[in-house]
Structures are given as C-alpha cells and as structure tokens.
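Undergrad: coords please:
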Amino acid sequence: MKPFRFRRYLPNTLFARSLLIVVTPVIVLQILMAYIFLNQHWQEVTNKLSQSVAREVAFVIELETAYPDRQAEILQLATDTTRMKFEQLPTRRMGHEDGNRQSFLSRMVGSAIKSRLTYPARVQLGRDDETYEIEVVTPHGLLRVTFPEKRIYTFTTFQFLAWYTSASAILLIISILFLRGQIRPIRRLAEAAEAFGQGIERPFRPEGAREVRRAAAAFLLMRERIKRQISQRTEMLAGVSHDLRTPLTRMKLQLAMMKDKTVEAMKADIHEMEAMIEAYLQFARGEGEENAVSVQMDEFMMQLAQDYTRAGGRQINLTALPVRLIVRAQAMRRAIGNLIQNALRYGMQCDVTLMLADEQAVICIDDNGPGIPPEAREDVFRPFYRLEHSRNRESGGIGLGLAIARDIIRAHGGEITLETSPAGGLRARVVLPV
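TA: Numbering: from 1, shown residues only. Predicted coordinates:
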C-alpha cells in the first residue's frame, strides 16, 4: 500500500498555491462562524421568539379562563395587539397531524407551547406556507391561533451571513488581484529565463518585490556574462582560425611547387587539418549570432530530407506532423543534418519521424546500421571521441558531429538521446519544447 502524500494533491503553480493559502483560512473561518456562532445564535433567537408566542397564547387562555363572559373581547384585543389571529371554535376536536405540514420551526413552537400549557395542542404550517397555526383544546372549545412566520423567524442572522460572505468575497477578490500583481514578475522572469535557454532574448526588466527584483537583476547579469563569454569565444576562435589557415595556405603553395612522392600524402594531411579546424570552429561557435525565427518544422524536415536524398542518392523515409517551433534555422539544420549523415553513413536505411508528445516536438532518426553499445552512447557526445579508433576520417569522422548536434539542441532548450532503433540499428531521439 502506497503511503498517502498530501503534496501530490497540491496545485502546481505558485499563484494557485498562494491563493490556496489565502482562501483556506477564510473558508474555514466562515464554516466555523456559520456552524458554531451563527447556528447557535439563530437557534437561540428562534427559541426565544417561540417562547414569546407560547407565553402570549398561554396568557390569552388564562384571561379566557378568568373572564369567561368577556371571551370575545379578549380574543379581539389579543388579535389587535399581538399580530396573531385568535379564533374560538365550538368544536373540541383538533385536526389530524399532517407530517408534510411539519417543519423545524413548527416543532420548536410546539415544544414551547407544550412546556407552557397543560392542554392538548398542535402546531403546523398554515395553508399559505407563510403562516403557522396553533390549535389548543381549552375548556371553552378549540382555540386556533394563526400567526405569520416573522413572529418566530428572524432574517437578521442570514442578513449578517450574507454581508459577512460578501465582505469576504470582496476581500478575496482584492487578495487575488494583489497576488496576480506579485506573481506576474516571477512568471515574466521564468519566461525570460526559459526563452534565453531556447536561444531567444526577450526584453525584460526587474520589477515586483525586492527579492524578485534581486533575482531578476542577477538573471540579467548572468545573461550578459554568458553572451559576453560566447562572443569572446567566437572572436577568439575566429582569430585562431585565421592564424592557422595562413600557414596552412603557405604550406599548400610550397607543396604545389614541390615534386616529390610524399607530396600527395602531405597534401592529404593538410586537407584533413583544414577539415578538423573547420569542424572544431563549428562546434565551438555553436549557433553563433543567428536569430531565432518561427519555422514550420514539417516543411523544414521535408526540405532537409530532399537535400540529403539528392546529395547521397539514397531515399530518406519521412513521417512528419505539422509542428511550428521557434528555432535558429541554420543551426538546427546543422544539428539534424549531422544525425541524418550518421544514419546514412552507417546504415542502408534512414527513417525520420516528427511528432508531438506531451507538448513537445519529438524527432526520431532511425537507421539499420551496427548501432552503438549502450555503455558508449553517452561517450560519443564528447568532442573528438570516436568509436572507430583508426585515423581514417572517412570511416570514423572527426568525432564532433554528435557533440555539435547536442550543443545546438541544448541551446534550443531541448535534449538528444541515443536508443536502440526498431529497425535494428541506432535511434537518435531529439526532444524540443513547443
């Protein structure tokens, strides 16, 4: 049996949790007030009003008994002064008890009447449901007393409850508006941080409470430092590229004028060095200064598959659902292209799938090649790591393709993992936020 965890039933958002903190005490207080104070107060007031009616009825009966010759005058005077109608009927038989005409108030008045009188009595709702009738068998006949519900029922308790509830609702609305104003800066900070993690720089300024402004200022400072670091790295590598390419160009010119059997081998080494430098610059440069744009990914993947089909001569099986993402198009093309190149290089079949799952875009690239052992699937993302340990660049590459792909995918706020493909080879699974 799993242990009960209250946390799983709590709302997920900060606004909902803060609202729960405000609302719960108000609701609990209202329930306690309504059940303990108001309920007891209402019952006490109703009981006193019922006792008052019973005393007046008992007083009239005692006057009838004391002055039997003035019975009609007494009943008329009581009707005029008590807002109750007194009628003396010649019969001494009460009507039958009607359970459908009984209510809480009638039972309370009946209890008060029976506690005051020794005569048989009955209380029930009147014929119009807004009055009550009391029938008492007296020595002079059947006394019927009709009185309005207002005599035993007070509306002040429920008026107080209505005002109390309305005031609580108004204060709750004010609290909600105040909470929204306090949560909004935190939400904007989270959105700015999430957008920056996806490579999108949104305008943002610190606002809200002092602690939130401090967090926002720290985020802005961190963002500027990261941007400055990326810019410095790109500029440094551009300088390194220029410095390295210049002597390589001189070496190529010198080799072009030499006539020796080793010249071709040296030319191949220089060509490999140039390719390695270019690949390293692509890896270190990452997405560069490219701006993120909205891209229809199914059309993007179709164009990419067509380009590699024309270049390699092998068909790429594409299944793509309509998905629109905000990406750096060239960087994303380089990342997905590296994965497709690996699939075409090591397998005879390449299947590309684009779908939506849990509000995320999922791209799966499958091949039927030899695959990668599970224990080495994380190592292949390290720069310059190669499963094929020969120096043949055609068979093993430089070892930067997957590193570049992961760097670009993570810069978009996504993740890339390697799995066993249903086709028997390797599956590269790319998950990107929508």
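
Undergrad: alpha carbons only for contacts and neighbour counts from here, please
TA: OK.

Undergrad: show me where the stretch 151-300 of the chain has helices.
TA: Ranges of helices in the stretch 151-300 of the chain, per DSSP state H, counting those that start in this stretch, are 156-197, 210-257, 263-285, 297-312.

Undergrad: what about the ones you listed, which gets the closest to residue 405?
TA: Among the helices of the stretch 151-300 of the chain, helix 263-285 comes nearest to residue 405, with 8.6 Å by C-alpha to C-alpha.

Undergrad: could you give the average pLDDT over the closest one?
TA: Computed over helix 263-285, the mean pLDDT rounds to 69.

Undergrad: shaky segments in the stretch 301-434 of the chain?
TA: Low-confidence segments of the stretch 301-434 of the chain, defined by pLDDT under 70, are located at 312, 388-399.

Undergrad: so if we follow the domain assignment, how does this structure break up?
TA: Structural domains assigned to the chain are 14-156, 205-285, 290-433, following automatic domain parsing.

Undergrad: coming back round to it: JSON lines for the helices of the stretch 151-300 of the chain, including distance to residue 13?
TA: Formatted as JSON lines, those follow (distance: least, C-alpha to C-alpha, whole Å):
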{"stretch": "helix 156-197", "distance to residue 13": "10"}
{"stretch": "helix 210-257", "distance to residue 13": "16"}
{"stretch": "helix 263-285", "distance to residue 13": "37"}
{"stretch": "helix 297-312", "distance to residue 13": "30"}
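
Undergrad: rewinding a little: possible to save the domains of the chain as a markdown table with mean neighbour count and distance to residue 186?
TA: Output for the domains of the chain, formatted as a markdown table (neighbours: other C-alpha atoms under 10 Å; distance: least, C-alpha to C-alpha, whole Å):
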| stretch | mean neighbour count | distance to residue 186 |
| --- | --- | --- |
| domain 14-156 | 16 | 9 |
| domain 205-285 | 14 | 7 |
| domain 290-433 | 18 | 20 |
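
Undergrad: let's have the ones you listed in CSV, adding distance to residue 184.
TA: Formatted as CSV, those follow (distance: least, C-alpha to C-alpha, whole Å):
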stretch, distance to residue 184
domain 14-156, 9
domain 205-285, 8
domain 290-433, 22
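
Undergrad: out of those domains, which comes closest to residue 191?
TA: Per C-alpha to C-alpha, nearest to residue 191 of these: domain 205-285, 11.5 Å.

Undergrad: how far does that closest one sit from the chain's center?
TA: Computed by C-alpha atoms, centre = their mean, to the nearest Å, the chain-centroid distance of domain 205-285 equals 42 Å.

Undergrad: three-state assignment of residue 325?
TA: Under DSSP: H, G, I helix; E, B strand; the rest coil, residue 325 falls in the strand class.

Undergrad: which strand residues bridge it?
TA: residue 295 (DSSP bridges).

Undergrad: wait, is residue 370 part of a strand?
TA: No - counting by three-state DSSP, residue 370 is not part of a strand but coil.

Undergrad: I'd guessed it sits against residue 346; true?
TA: Yes - using C-alpha atoms under 8 Å, residue 370 is in contact with residue 346, at 7.1 Å.
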